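In: coords below, sequence missing:
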Ligand SMILES: Nc1ncnc2c1ncn2[C@@H]1O[C@H](COP(=O)(O)OP(=O)(O)OP(=O)(O)O)[C@@H](O)[C@H]1O
Ligand SMILES: [Mg+2]
């Protein structure tokens, strides 16, 4: 019996089929020969796991001070929360259609909202379930995620790629305060951050030369989602390198700002990657209701099943 067949059979035996998924495939083979099992709690499990010296329990904890202004998903309700819930659903749907765990957030130009979308989508995913989310700041030139989460930026990816920090030491999680109930409402214990670290002039070389795809692959078995923020792809090539380490790319365009031809060129730049769709960010055509975020599925999602259901909500 082949290894793949054994894995398929084992997955069939072990799974408890989620309602509504009885007729669907529960196992898919990723392009790099990982066997991905769609579990009863809507996660992909991998077998066999690549080697990694990462120890989840050793991740450093810091008391984060997340920015409520920049993270509308910290609130219980509101337009921002709803729009990111909707985006989250579309991402789950894309995962259902084809294996998707590592997601790159990118855009063509600066300030279109990549970091804003990356942080809020990660927060939305983390608050929705007990899935383990890894958020990586892959923008070594203009790191932002640490400031949105109110977390330290060093040591980070830059230190790791230049060999001055171990993998375990650049990962951090929020210290959940036992004595501060207000803070604990905005704390997420299942979100892990790799900040960008201290930036130098050599960020492109660091990203290009150090097989970042292998490092991310080694962390993959420990997380349910891995999301990477990136610099603008029409300005520097880092995002194309990072896309190679990702199963899919989510592109951000900013309402009233991003020219159409920039969006087209951005899409063309990622022609070798699976583009999950575009986020139309910061649409201001409904002034009294604040900022809106719309998601348009790419060609991958059109006309296909709408059954990428979410895990049970903890929100
Ligand atoms: N939908 C939104 N509503 C309100 N403010 C937003 C929205 N999207 C982005 N911003 C703000 O716009 C600014 C730029 O956003 P952000 O840093 O996410 O862009 P970026 O694409 O990551 O930029 P860079 O290319 O420099 O990394 C930030 O101050 C952010 O808080
Ligand atoms: Mg950014």
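Out: Arrived safely. What you see is a predicted model; the values in this text were computed from it and never measured. Ligands and ions are numbered 1, 2, ... in the order given.

In: show me the residues around the closest residue to ligand 2 within the chain that make contact.
Out: Taking CB to the ion, ligand 2 has its nearest neighbour within the chain at residue 115, 3.3 Å off. All C-beta spots, glycine's among them, are computed from the backbone N, C-alpha and C. By CB atoms under 8 Å, 6 or more residues apart in numbering, the contact set of residue 115 is 105, 137, 139, 144, 145, 148, 229.

In: got a list of what the third one touches?
Out: Contact partners of residue 139, counting by CB under 8 Å, 6+ apart, are 114, 115, 196, 229, 230, 231, 238.

In: The fourth one - nearest residue in space that isn't next to it in sequence?
Out: To tie it back to what came earlier, the one meant is residue 229. Nearest residue to residue 229, sequence neighbours excluded (CB to CB, 6 or more residues apart in numbering): residue 118, at 4.1 Å.

In: Neighbours of that neighbour, how many?
Out: 28 (other CB atoms under 10 Å).

In: Is ligand 1 within reach of the strand or helix carrying it?
Out: Using DSSP states H and E, residue 118 falls within helix 114-128. Yes - residues of helix 114-128 are located near ligand 1 by CB under 6 Å from any ligand atom, namely 114, 115, 116.

In: can you count the residues close to the residue nearest to residue 120 when sequence neighbours are not counted?
Out: Distances taken as CB to CB, 6+ apart put residue 73 closest to residue 120, at 4.5 Å, once the chain neighbours are dropped. Neighbour count of residue 73, defined by other CB under 10 Å: 26.

In: Look up the pLDDT of residue 73 for me, please.
Out: Confidence at residue 73, expressed as pLDDT, is 92.

In: For it, give me phi and psi.
Out: Taking degrees, to the nearest 10, you get phi -70, psi -10 for the backbone angles of residue 73.

In: list the contacts for it?
Out: 80, 81, 84, 120, 123, 124, 127.

In: can you do 10 Å?
Out: 66, 80-85, 87-88, 119-128, 315 (CB atoms under 10 Å, 6 or more residues apart in numbering).

In: Equivalent analysis for residue 166, please.
Out: 53, 54, 58, 155, 159, 160.

In: quick one: the strands in this structure?
Out: Along the chain, counting by DSSP state E, strands occupy 27-29, 35-38, 44-47, 60-62, 102-106, 133-137, 172-174, 191-194, 225-229, 248-254, 275-283, 292-297.

In: Turn these into a markdown table, including mean neighbour count.
Out: Listed next are the strands of the chain as a markdown table, based on neighbours: other CB atoms under 10 Å:
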| stretch | mean neighbour count |
| --- | --- |
| strand 27-29 | 16 |
| strand 35-38 | 20 |
| strand 44-47 | 17 |
| strand 60-62 | 13 |
| strand 102-106 | 27 |
| strand 133-137 | 26 |
| strand 172-174 | 22 |
| strand 191-194 | 25 |
| strand 225-229 | 26 |
| strand 248-254 | 25 |
| strand 275-283 | 21 |
| strand 292-297 | 18 |
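
In: Write out the residues of this structure neighbouring ligand 2.
Out: Within reach of ligand 2 by CB under 5 Å from the ion, the chain has these residues: 114, 115, 144.

In: and the biggest helix by length in the chain with strand 275-283, angle?
Out: Ranked by residue count under DSSP state H, the longest helix found in the chain is helix 79-97. Helix 79-97 runs at 170 degrees relative to strand 275-283, counting by axes from the mean of the first three to the mean of the last three CA atoms, to 10 degrees.

In: could you give the angle of helix 79-97 to strand 248-254?
Out: Between the axes of helix 79-97 and strand 248-254, defined by the same axes, to 10 degrees, the angle is 150 degrees.

In: which secondary structure elements does helix 79-97 contact?
Out: Here helix 79-97 touches strand 35-38, strand 102-106, helix 114-128, strand 225-229, strand 248-254, strand 275-283, strand 292-297, going by 3 or more CB pairs under 10 Å, 6 or more residues apart in numbering; DSSP states H and E.

In: In stretch 72-85, which residues are buried?
Out: 72, 73, 74, 80, 81, 83, 84, 85 (16 or more other CB atoms under 10 Å).

In: Now residue 65. Nearest residue, chain neighbours left out?
Out: Excluding the flanking residues, the one nearest residue 65 by CB to CB, 6+ apart is residue 150, at 3.0 Å.

In: ugh, wrong one, residue 212
Out: Excluding its sequence neighbours, the residue lying closest to residue 212 (CB to CB, 6+ apart) is residue 245, at 5.2 Å.

In: Stretch 220-233 close to ligand 1?
Out: Yes - judged by CB under 6 Å from any ligand atom, stretch 220-233 and ligand 1 are in contact via 231, 232.

In: And that stretch, end to end?
Out: End-to-end span of stretch 220-233 (CA to CA, to the nearest Å): 24 Å.
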